[in-house]
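1. this one's sequence-less:
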């Protein structure tokens with residue numbers, strides 16, 4: 001089996017875990033050859049590199065750096081003919097960007113990150129469209145603070161004493177409003193191939209020790225309900241601690257060496 005050379009874009013809370021595991025050989029068939037993070041380059045022995053150098057070394061570029069990084073670097077990776085594994089799926093609410101990343105000659109794959117059940121929902125959606133799909137995300141208020149908020153809304157979040165619904169809108173709108181915390185809603189919409197069908201609800205709860213995602217879908221094939229409750233990442237409470245391990249599983253699936261469920 002041919003070895004898969006891998007470059008990781010981003011060395012923050014998610015990328016640091018991914019690069020450490022790859023460097024330690026924890027993903028059979030994958031070899032880390034570059035880590036791209038101009039703002040906080042990793043220390044040796046991790047192979048820090050520019051994006052241009054990484055594109056010359058790696059077949060697979062793994063994006064762990066956020067929606068802005070995917071928007072900026074993604075088209076370059078695809079144009080270079082490389083395989084791009086993207087984690088920040090919320091950036092694809094921009095349909096023009098999504099089309100650029102699908103245009104080739106490179107290949108785009110998406111990592112679901114902190115959510116499960118998407119394989120089943122996607123399979124059902126290909127049989128018959130769902131009638132309704134709702135994803136309800138509950139997080140701590142401070143993790144939901146956004147620069148665009150009026151001071152009155154920000155103060156309500158900071159001083160919340162009980163849970164309240166912060167936003168309810170189509171997944172595309174919620175993803176744009178909460179770019180650091182709504183990749184899950186984007187992943188559901190992308191799995192179904194329909195941004196307009198998925199209604200996303202964001203709930204702020206000062207008692208939320210875990211990040212909760214409740215997905216409810218109904219359609220001709222049946223009724224489906226998934227609930228995920230993830231512990232926040234200690235390094236970044238806006239992300240779930242499980243996310244880097246979802247990325248590592250995705251890389252393992254691309255090497256063809258895992259022998260696991262696909």
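-> Thanks, I have the structure now. It should be emphasised that the depicted structure is a prediction, and the values quoted were computed from it without experimental measurement. Residues are numbered from 1 along each chain as shown.
2. now the helices: where do they sit in the chain?
-> Ranges of helices in the chain, per DSSP state H, are 15-23, 51-57, 67-79, 95-102, 118-127, 151-158, 171-177, 183-192, 243-255.
3. Check those for me and report the most buried one.
-> Most buried of the helices of the chain, by mean neighbour count (mean count of other CB atoms under 10 Å): helix 183-192, with a mean of 26. The C-beta positions use only the backbone N, C-alpha and C, and glycine is treated the same way.
4. Run the chain-centre distance for it.
-> Its chain's C-alpha centre and that of helix 183-192 lie 9 Å apart, by CA atoms, centre = their mean, to the nearest Å.
5. Same check on stretch 190-204?
-> In terms of CA atoms, centre = their mean, the centre of stretch 190-204 is set 14 Å apart from its chain centre.
6. List the buried residues for that stretch?
-> Across stretch 190-204, burial judged by 16 or more other CB atoms under 10 Å covers 190-192, 194-195, 197-204.
7. so can I have CSV of the helices of the chain showing distance to residue 164 and mean pLDDT?
-> Listed next are the helices of the chain as CSV, based on distance: least, CB to CB, whole Å; pLDDT from 0 to 100:
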stretch, distance to residue 164, mean pLDDT
helix 15-23, 33, 95
helix 51-57, 42, 96
helix 67-79, 26, 95
helix 95-102, 31, 96
helix 118-127, 28, 88
helix 151-158, 8, 92
helix 171-177, 16, 92
helix 183-192, 18, 91
helix 243-255, 26, 91
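8. picking up where we left off before, can you say which two of the buried residues of stretch 190-204 are spatially most distant?
-> In these, two members sit farther apart than any others by CB to CB. They are 194 and 204, at 26.8 Å.
9. hang on, the earlier thing: out of the helices of the chain, nearest to residue 111?
-> helix 243-255 (4.5 Å).
10. Distance check, residue 182 against residue 110.
-> Distance of residue 182 to residue 110, given as CB to CB, to the nearest Å: 15 Å.
11. Can you pick out the residue with more neighbours from the two?
-> Between residue 182 and residue 110, counting by other CB atoms under 10 Å, residue 182 is the more crowded of the two (26 against 21).
12. domains of the chain?
-> Annotated domains of the chain cover 4-113+242-255, 118-230 [automatic domain parsing].
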